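Asker: Pasting a predicted model and its sequence here:
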Number of protein chains: 2
Amino acid sequence: MKKISRLLMQMEFIREIDKLKYIQRKTKLFNSERHENDAEHSWHLAMMVMVLAEYSNAPIDVLKVLKMVLLHDIVEIDAGDTFLYDTTKNHSNTDEELIAAHRIFGLLPADIGEEFMQIWIEFESGETCDAKFAKAIDRLEPILQNISNGGGTWTEYNVPFDTVYQKIDKIKDGSTFLWDHVDELIEEFRKTERDKIDVSLG
Amino acid sequence: MKKISRLLMQMEFIREIDKLKYIQRKTKLFNSERHENDAEHSWHLAMMVMVLAEYSNAPIDVLKVLKMVLLHDIVEIDAGDTFLYDTTKNHSNTDEELIAAHRIFGLLPADIGEEFMQIWIEFESGETCDAKFAKAIDRLEPILQNISNGGGTWTEYNVPFDTVYQKIDKIKDGSTFLWDHVDELIEEFRKTERDKIDVSLG
C-alpha cells in the first residue's frame, strides 16, 4: 500500500514535467526558424554530454552530468525561460527558480526529490567539475545554433560580441579544448559577416 | 591535428541529430492536441528512468539505460516513426533502421559510433535486463498519454484492446510492478468509457 502511494507521487511528477515541452527558448533549431523548447534542448545537451565528455578539463561522473542536464531546466515550468543575454534579469538561482524547484521536485517521494534538488543546486552553483562541464555544454548548444542561423539571437537582439564573450566565457571552466573550438567558430563567423558588409559597401 | 578532426566528426553528429526534433510521433502530449516529437519523447523517457528505476525486475545499469532511451529513436531521422499499432510494418530491427544506424552513428569517431551501435542493438534485441526495462518505459509513456487524452491513438485508430494488451505486454518483462499499475489504469479507463456509453444509451 505504501509502495502504491510512492508510485502515485512518481507518476504525478512524470505528468507534471510534460509541461517542459511548452517552454520555448529564444534560440532556434539548427538552420531553422523554429524555436527550440526546453525538453528538446535538455535531450540535445544529454546527447552532447555522451559525445563530448572526453573534453572535460577534469574527470566527470557522466551519470551525474546526464542527470544534471536532463533536469536543469525543469524549474522553468514555473519560472519561465531566462534569455542568457537579458541584462535586466539575474541569471543565477533566482528566488523564483528556487520556489519552482521546491514545488516540482517536491511532488516526488522525499528521497528522489532531495536527490534532484541537490543535483539542481550543484548545477546552479557551478562549482564542481561536473557542474562546470554541464554548464559548458549548456552554453555550447545555442552558440552552434546561432552560428548555423546567421547569428541567431545575437543578431536578432543586437547583442554586442563583448557581451557574448562575457556570457560564454564559462565554457573555459568546463573545457578549454571546447572553448578554443568555440572561439575559432565565432571568429570565423564574425569574419564572414564582416566580409559580407565589405562586399555590400563595394 | 588528429584531435581536431575527431572533434569535427563529433560536431557533425551533434548537428545531424537536431533533426530528431522534427520527427513527429502519433501520440500527443498529456491532455493535449499537440503531437510529441522524438526528441521530447526521448527526454521524457530519460526522466522516467531516473524516477522509476527502482521498479525494474532486475538490477539495472542506470547510465546504460539512460544512454539507451536517449539514442533509441535516432534511427528514425532516416527511417521515420513507426506507429506501435501499425500491423503492416515489422517493428523490430528493420533493414531501414539498421542502415540509418550505420549512417548516423557512422558520423562519429569509430569508438563512440560503435558504442552507440551496440547500445542501440542491445535495446532493439530486448534481451538484457537493461533493454527490457528501457522497453518497458518506452511502452509506458504513450499509455499514460493516451489515457490522459481520452484514449488517444487507441481511439483515433480504433485499436482493439486485445491488440493494445499484446503490444504492451512487454512491460512485464521489465517491471511486473509497473505492469500491474498499467493494467489497473487501463481497466479503470475502459470502465469509465463503458459507463459513458451506458449513460448515453440511457
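Answerer: Thanks, I have it. Numbering: from 1, shown residues only, chains lettered A, B, ... in the order given.
Asker: Check which helices and strands the helix or strand that A:Arg15 is a member of sits against.
Answerer: For A:Arg15, the host element (DSSP states H and E) is helix A:2-16. Counting contacts by 3 or more CB pairs under 8 Å, 6 or more residues apart in numbering or on different chains; DSSP states H and E, helix A:2-16 packs against helix B:38-52, helix B:129-148, helix B:176-200. C-betas here are computed from N, CA, C, even on glycine.
Asker: Tell me which of these sits most buried.
Answerer: Of all the helices and strands packed on helix A:2-16, helix B:38-52 has the most neighbours on average by mean count of other CB atoms under 10 Å in any protein chain shown, namely a mean of 24.
Asker: Tell me which other helices or strands that helix touches.
Answerer: Short answer (3+ CB pairs under 8 Å, 6+ apart): helix B:38-52 packs on helix A:2-16, helix A:38-52, helix A:62-71, strand B:24-28, helix B:62-71, helix B:129-148.
Asker: Could you look up the SS state of A:Ser32?
Answerer: Taking DSSP: H, G, I helix; E, B strand; the rest coil as the rule, one finds A:Ser32 in the coil state.
Asker: distance of the nearest residue to it once chain neighbours are set aside from B:Leu8?
Answerer: Nearest residue to A:Ser32, sequence neighbours excluded (CB to CB, 6 or more residues apart in numbering or on different chains): A:Asn149, at 7.0 Å. A:Asn149 sits 20 Å away from B:Leu8, going by CB to CB, to the nearest Å.
Asker: Could you tell me which residues make contact with the residue positioned nearest the centre of chain A?
Answerer: In chain A, the centroid-proximal residue (CA atoms, centre = their mean) is A:Asp138; its distance is 3.4 Å. Taking CB atoms under 8 Å, 6 or more residues apart in numbering or on different chains, we find A:Asp138 in contact with A:Leu45, A:Val69, A:His72.
Asker: Dump those residues to a markdown table, plus pLDDT.
Answerer: Converted to a markdown table, these look like this (pLDDT from 0 to 100):
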| residue | pLDDT |
| --- | --- |
| A:Leu45 | 98 |
| A:Val69 | 98 |
| A:His72 | 98 |
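Asker: Any chance of TSV for those, columns distance to B:Glu33?
Answerer: TSV is the format used below for the contacts of A:Asp138 (distance: CB to CB, whole Å):
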residue	distance to B:Glu33
A:Leu45	28
A:Val69	29
A:His72	28
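Asker: Quickly name whichever of the residues you listed is closest to B:Ile14.
Answerer: Nearest to B:Ile14 among the contacts of A:Asp138: A:Leu45, at 10.2 Å, using CB to CB.
Asker: give the contact list for the closest one.
Answerer: So A:Leu45 contacts A:Val69, A:Leu70, A:His72, A:Ala134, A:Ile137, A:Asp138, A:Glu141 (CB under 8 Å, 6+ apart).
Asker: how about 6 Å then?
Answerer: For A:Leu45, the contact set (CB atoms under 6 Å, 6 or more residues apart in numbering or on different chains) comprises A:Val69, A:Ile137.
Asker: what about it, distance to A:Lys26?
Answerer: 16 Å.
Asker: Get me the contact residues on chain A for chain B.
Answerer: A:10, A:14-15, A:17-18, A:21, A:29-30, A:39-40, A:42-43, A:46, A:48, A:51, A:63, A:66, A:70 (CB under 6 Å from any CB of the partner chain).
Asker: quick one: low-confidence parts of chain A?
Answerer: Residue ranges of chain A with pLDDT under 70: A:1-2, A:87-93.
Asker: what do you get if the cut-off is 50, keeping everything else the same?
Answerer: In the predicted model, chain A carries no residue with pLDDT under 50.
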